[in-house]
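Asker: need a 3D model of the following:
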Amino acid sequence: MSNALVVIPTFNEIENIERIIRYVFSLPKKFDVLVVDDNSPDGTPKAVEKLFQEFPNQLFIEKREGKLGLGTAYIHGFKWALQRDYEFIFEMDADFSHNPDDLIKLLDACDKNGADMSIGSRYKTGVNVVNWPMSRVLLSWLASKYVQFITGMNIHDTTAGFVCYKREVLEKINLDKIQFVGYAFQIEMKFKTYLHKFNIVEVPVIFTDRIEGESKMSGGIISEAIFGVISMKFRSMFTKYEI
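Answerer: Predicted structure coming up:
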């Protein structure tokens, strides 16, 4: 067993899932992979299970009963990891928008350079996004700047979903008190890590929009990310905020 687990949430990722798994397992560093699937009707779970014999004790799947949200999928994966001996737990998309080669950069930031959370950042050194229309780039960049302003976090890419956590971070955060289930989940996890005074480091990466499959982005997800952060910050200032 590796000391590093990559959690990949899936819903209808049949075009990508085998390729992304094989890519992760081809890296010079050994990673384990946990797929958390939300009852994909396209055969994603079966595609993962076909690889079990080829990658025993390295590839795992947790199958849930329905599409329950990105945040709950990651929390499911985090709890699964904490029941085992993983020292480093990663969030990564299945669609190659996150380059698996960058897993090693994120790991090195935590394992060698003192970070407790390392973020694959699209905006640390400018705007490093490929294949997005300008309107979406602008929306994402402005959302991160907005969150940075409201929360006070010195993080350029607050909505990033390519993250490495040291085990101690996930043990400290009360995962049962995470409120957001969409992309605002990414903001909330960073905010609670920040409130616990863990060392957060951004690692510049190039984000490439998916080529295969359909995006899960929606207006409701964006609204949650933008407007939910106000109540999150307010509660952290004036009420007992469970972190």
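
Asker: let me know the secondary structure of Thr72.
Answerer: helix (DSSP: H, G, I helix; E, B strand; the rest coil).

Asker: measure it to Lys177 for me?
Answerer: Taking CB to CB, to the nearest Å as the measure, Thr72 falls 13 Å from Lys177. Just so you know, the C-beta spots here come from the backbone N, C-alpha and C atoms, and that holds for glycine as well.

Asker: and for Lys166?
Answerer: 20 Å.

Asker: more crowded one of the two?
Answerer: Between Lys166 and Lys177, Lys166 has the larger neighbour count (other CB atoms under 10 Å), namely 20 against 11.

Asker: which residues touch the residue found closest to that one once you drop the neighbours it is linked to in the chain?
Answerer: Once flanking residues are discounted, Lys166 sits nearest to Asp116: 4.9 Å by CB to CB, 6 or more residues apart in numbering. By CB atoms under 8 Å, 6 or more residues apart in numbering, the contact list for Asp116 reads 110, 165-166, 168-169, 193, 198-200.

Asker: reformat those as JSON lines; add secondary structure and pLDDT.
Answerer: Output for the contacts of Asp116, formatted as JSON lines (DSSP: H, G, I helix; E, B strand; the rest coil; pLDDT from 0 to 100):
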{"residue": "Cys110", "secondary structure": "helix", "pLDDT": "98"}
{"residue": "Tyr165", "secondary structure": "strand", "pLDDT": "98"}
{"residue": "Lys166", "secondary structure": "strand", "pLDDT": "98"}
{"residue": "Glu168", "secondary structure": "helix", "pLDDT": "98"}
{"residue": "Val169", "secondary structure": "helix", "pLDDT": "98"}
{"residue": "Thr193", "secondary structure": "helix", "pLDDT": "97"}
{"residue": "Phe198", "secondary structure": "coil", "pLDDT": "98"}
{"residue": "Asn199", "secondary structure": "coil", "pLDDT": "98"}
{"residue": "Ile200", "secondary structure": "strand", "pLDDT": "98"}
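
Asker: perfect, that will be all.
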